[in-house]
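Chemist: The amino acid sequence is not available; the structure is as follows:
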């Protein structure tokens, strides 16, 4: 693939999709590429032999810093989105949103409005006059007038270390927590709340997300998200070891789960799960000649809405 375009967005998570959609209002030729199989980034769902799990973001939360009117419209105009109140381990309520039947549906309608190439990984970026040349896997090359990076901060920092060294140094200061997510499927309905929190052995917070149906079919799936501390300590263990250690922790808090048969297990490792510190407000997200920019929750804040806002913001700054 050798393609000359006006704007290339690398990454099809929330910020990348939002940037791409906003860019279509101002640029005639916009392309999004992503190394994964699906759009949505950390809003994702998995199908294990017809058992469905929301193993990424369990719900859509709004920003504590700034509210976006367009994000509000997206929530309230999408028929697949519902809202509920969850309570943390301290019984503190929080209004959140989720999509039916799976979280991956959040951007399903939007992704069809823009050109996206999946399974295309950016390996290197360099300047050639007024253009950026992006070298991708399988010897693919993309030439673009402007580029936006909407990938996790460590990946962004590495890709731009030669073309924007100062920005790369600033981005390199962003830290993420790791997260180990264990997926369990039961043979029958389990007595569990739809969403709950518990304290794991490290004294940190973990969560359970239980789903009992998919398209009105029985779907007794449980997603166990282990805490930052637990995940950091156990991250390098094998998937089988992590699942077994997680089950021991889970059975301590929910002994009755031992009475149920587990049909399927799966472990997913999120190396860049939750943003621990955002980019300093004084640091620009675009370069001086407005040809390159970055977007993502790590540029503003940790919520889904923050990621959405960053995608809109970077386009306005590039104009």
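Modeler: In hand now; what should we look at? Every value quoted in this text rests on a predicted model; they were computed, and no experiment measured them. Numbering: from 1, shown residues only.

Chemist: ok, what's across the strand from residue 186?
Modeler: Residue 186 has the following beta-bridge partners by DSSP bridges: residue 262.

Chemist: Against residue 8, how distant is it?
Modeler: 44 Å (Cβ to Cβ, to the nearest Å). Heads up, the C-betas are built off the backbone N, CA and C, glycines and all.

Chemist: List the buried residues for stretch 97-108?
Modeler: For stretch 97-108, burial by neighbour count (16 or more other Cβ atoms under 10 Å) applies to 97-99, 101-107.

Chemist: all strands for the stretch 151-300 of the chain, in order.
Modeler: 176-186, 195-199, 205-214, 217-225, 262-275, 292-294 (DSSP state E, counting those that start in this stretch).

Chemist: okay if I get those as a markdown table plus mean neighbour count and mean pLDDT?
Modeler: Shown next, in a markdown table, are the strands of the stretch 151-300 of the chain (neighbours: other Cβ atoms under 10 Å; pLDDT from 0 to 100):
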| stretch | mean neighbour count | mean pLDDT |
| --- | --- | --- |
| strand 176-186 | 22 | 94 |
| strand 195-199 | 17 | 87 |
| strand 205-214 | 19 | 83 |
| strand 217-225 | 20 | 88 |
| strand 262-275 | 17 | 92 |
| strand 292-294 | 27 | 97 |
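
Chemist: of these, which approaches residue 38 most closely?
Modeler: Nearest of the strands of the stretch 151-300 of the chain to residue 38, taken as Cβ to Cβ: strand 262-275 at 13.4 Å.

Chemist: ok now do residue 160, which residues does it touch?
Modeler: Applying Cβ atoms under 8 Å, 6 or more residues apart in numbering to residue 160 gives the contacts 125, 149, 167-168, 171, 292.

Chemist: Need the per-residue pLDDT for residue 257.
Modeler: The confidence metric pLDDT takes the value 92 at residue 257.

Chemist: Touching, it and residue 248? I think so.
Modeler: No: taking Cβ atoms under 8 Å as the definition, residue 257 is not a contact partner of residue 248, at 11.4 Å.

Chemist: the more surrounded of these two?
Modeler: The neighbour comparison of residue 257 against residue 248 (other Cβ atoms under 10 Å) goes to residue 257, with 17 against 10.

Chemist: from the buried residues of stretch 97-108, which single one is nearest residue 175?
Modeler: Nearest to residue 175, judged by Cβ to Cβ, of the buried residues of stretch 97-108 is residue 103 at 25.0 Å.

Chemist: ok, so what distance separates the closest residue to that closest one other than its chain neighbours from residue 104?
Modeler: Spatially, and ignoring its direct neighbours in sequence, residue 103 is nearest to residue 54 (4.3 Å; Cβ to Cβ, 6 or more residues apart in numbering). With distances taken as Cβ to Cβ, residue 54 is found 8 Å from residue 104.

Chemist: Overlap in contacts, these two.
Modeler: 44-45.

Chemist: on that earlier part again, out of the buried residues of stretch 97-108, name the ones that lie in strands.
Modeler: Mapping those onto strands (DSSP state E) picks out 97-99.

Chemist: will you turn these into TSV that also has pLDDT?
Modeler: Shown next, in TSV, are those (pLDDT from 0 to 100):
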residue	pLDDT
97	89
98	86
99	85
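
Chemist: Spatially central, which residue of this protein would that be?
Modeler: Most central in the chain under Cα atoms, centre = their mean is residue 42, positioned 2.0 Å from the mean C-alpha point.

Chemist: Quick check, pLDDT for that residue.
Modeler: Looking at residue 42, its pLDDT reads 88.

Chemist: Kindly report the same for residue 78.
Modeler: For residue 78, the pLDDT comes out at 84.

Chemist: Excluding chain neighbours, what is closest to residue 167?
Modeler: residue 160 (6.2 Å).

Chemist: circling back to that earlier point, got the contacts of residue 160 as TSV, with distance to residue 26 columns?
Modeler: Compiled in TSV, the contacts of residue 160 are given as follows (distance: Cβ to Cβ, whole Å):
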residue	distance to residue 26
125	22
149	18
167	22
168	26
171	25
292	16
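
Chemist: Among those residues, which one sits closest to residue 71?
Modeler: Nearest member of these to residue 71, counting by Cβ to Cβ, is residue 149, at 21.1 Å.

Chemist: does the closest one really touch residue 294, like I thought?
Modeler: Yes: applying Cβ under 8 Å, one finds residue 149 in contact with residue 294, separated by 4.9 Å.

Chemist: shared neighbours of these two, anything?
Modeler: Contacts common to residue 149 and residue 294, judged by Cβ under 8 Å, 6+ apart, are residue 156.

Chemist: hey, where'd the strands end up in the stretch 1-150 of the chain?
Modeler: Using DSSP E, counting those that start in this stretch, strands in the stretch 1-150 of the chain cover 2-10, 30-34, 46-48, 51-53, 81-87, 93-99, 115-118, 122-128, 131-136, 141-149.

Chemist: Residue 179: what's it in contact with?
Modeler: With contacts defined as Cβ under 8 Å, 6+ apart, residue 179 is in contact with 225-226, 228, 231, 269-270, 273-274.
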